[in-house]
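> No sequence on hand, only this structure:
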């Protein structure tokens, strides 16, 4: 049986654009070889107590992987320790990247089964020359991690291409 | 043994394929050209991660399994050799929720994937869910192993898609 539903939406609807400020992004390589073994770097005798705001792991078929974790500053030491890296205060590890960032996040109906959402958002940011560090789209949600101090301008740009409540 | 982390549920995707696109020192926003090309073909991205650094942009995306060849072709067309594209056939998304922003949920699940030799091709979080890209044929085993770490409601079976939304032009 085939069911056909017709849905026409010239401007994609969102449930609102939200910003998160005062957070830090940690970028750390994970040495996956093969892929699953990299996660063995996750070594913590006691369950880590920290919280994250956003995480993203990018892996390539050859086994290289990079973890991006965004969290409030007070949670960064727990994240670094959980992944076998020095605590923030001792961080002299050149492989670790750490910087203050901000985020714009938004969600909308059935984003995961609709085409063009990411293209619309990222094209608008490019058009406005707004910075972007990383972006993650999964489920109904989009996370855009932008340089510190730029979330509001990114949000204003996105407001031009998504319908807001 | 550590306590189980309570979960509300788990979800599987349909069979997908993963494309990993990398470009060295691309123009800023070069990935937009690829994304626009995919959108122009009405291709749903079930999962997408983009990272930009000084010397490299990397895009990981999941599309329906039968669309991967088109992605490879479009990635090559969109920027004339700028992108290196590597693909993995037959992947699936395992999503569990809520993670409640707990670092423990991330580290224990990653550790479990590693110990079980389950492939991890990518991870991304949302407000409530954590999504793993893994081998499609391993979704069931991954779900079973995760029950060693997470407590699910009684008799919970992971949700699986019963139909596929296919964009059409009218």
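Structure received. Just so it is clear, the structure is predicted and the values come from calculations on it, not from any experiment. Numbers count the residues shown, from 1 in each chain, chains lettered A, B, ... in the order given.
> How is chain B divided into domains?
Chain B is divided into the following domains under automatic domain parsing: B:5-14+B:91-151, B:16-89.
> helices or strands up against the helix or strand residue A:56 falls within?
With elements delineated by DSSP states H and E, residue A:56 resides in strand A:54-59, which encompasses its position. Strand A:54-59 makes packing contacts with strand A:64-71, strand A:134-138, strand A:141-147, strand B:47-52, strand B:56-64, strand B:122-125 when contacts are defined by 3 or more C-beta pairs under 8 Å, 6 or more residues apart in numbering or on different chains; DSSP states H and E. The way it works is simple: take the backbone N, C-alpha and C, and place the C-beta from them, glycine included.
> hmm, back to that, okay, the domains of chain B in TSV with mean neighbour count, distance to chain A and mean pLDDT next?
Shown next, in TSV, are the domains of chain B (neighbours: other C-beta atoms under 10 Å in any protein chain shown; distance: least, C-beta to the nearest C-beta, whole Å; pLDDT from 0 to 100):
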stretch	mean neighbour count	distance to chain A	mean pLDDT
domain B:5-14+B:91-151	20	3	93
domain B:16-89	19	3	90
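> can you redo these as TSV with distance to residue A:105?
Written out in TSV, the entries for the domains of chain B read as follows (distance: least, C-beta to C-beta, whole Å):
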stretch	distance to residue A:105
domain B:5-14+B:91-151	8
domain B:16-89	14
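> do you know which of those lies nearest residue A:80?
domain B:5-14+B:91-151 (10.7 Å; C-beta to C-beta).
> I figured residue A:24 hits residue A:96, correct?
No. Taking contacts as C-beta atoms under 8 Å, residue A:24 lies outside contact range of residue A:96: 11.5 Å.
> strands paired with the strand holding residue A:56, and their directions?
strand A:64-71 (antiparallel), strand B:122-125 (antiparallel) (DSSP bridges).
> Turn the helices and strands packed on strand A:54-59 into JSON lines, columns for distance to residue A:51.
Formatted as JSON lines, the entries for the helices and strands packed on strand A:54-59 read as follows, by distance: least, C-beta to C-beta, whole Å:
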{"stretch": "strand A:64-71", "distance to residue A:51": "6"}
{"stretch": "strand A:134-138", "distance to residue A:51": "17"}
{"stretch": "strand A:141-147", "distance to residue A:51": "16"}
{"stretch": "strand B:47-52", "distance to residue A:51": "21"}
{"stretch": "strand B:56-64", "distance to residue A:51": "25"}
{"stretch": "strand B:122-125", "distance to residue A:51": "11"}
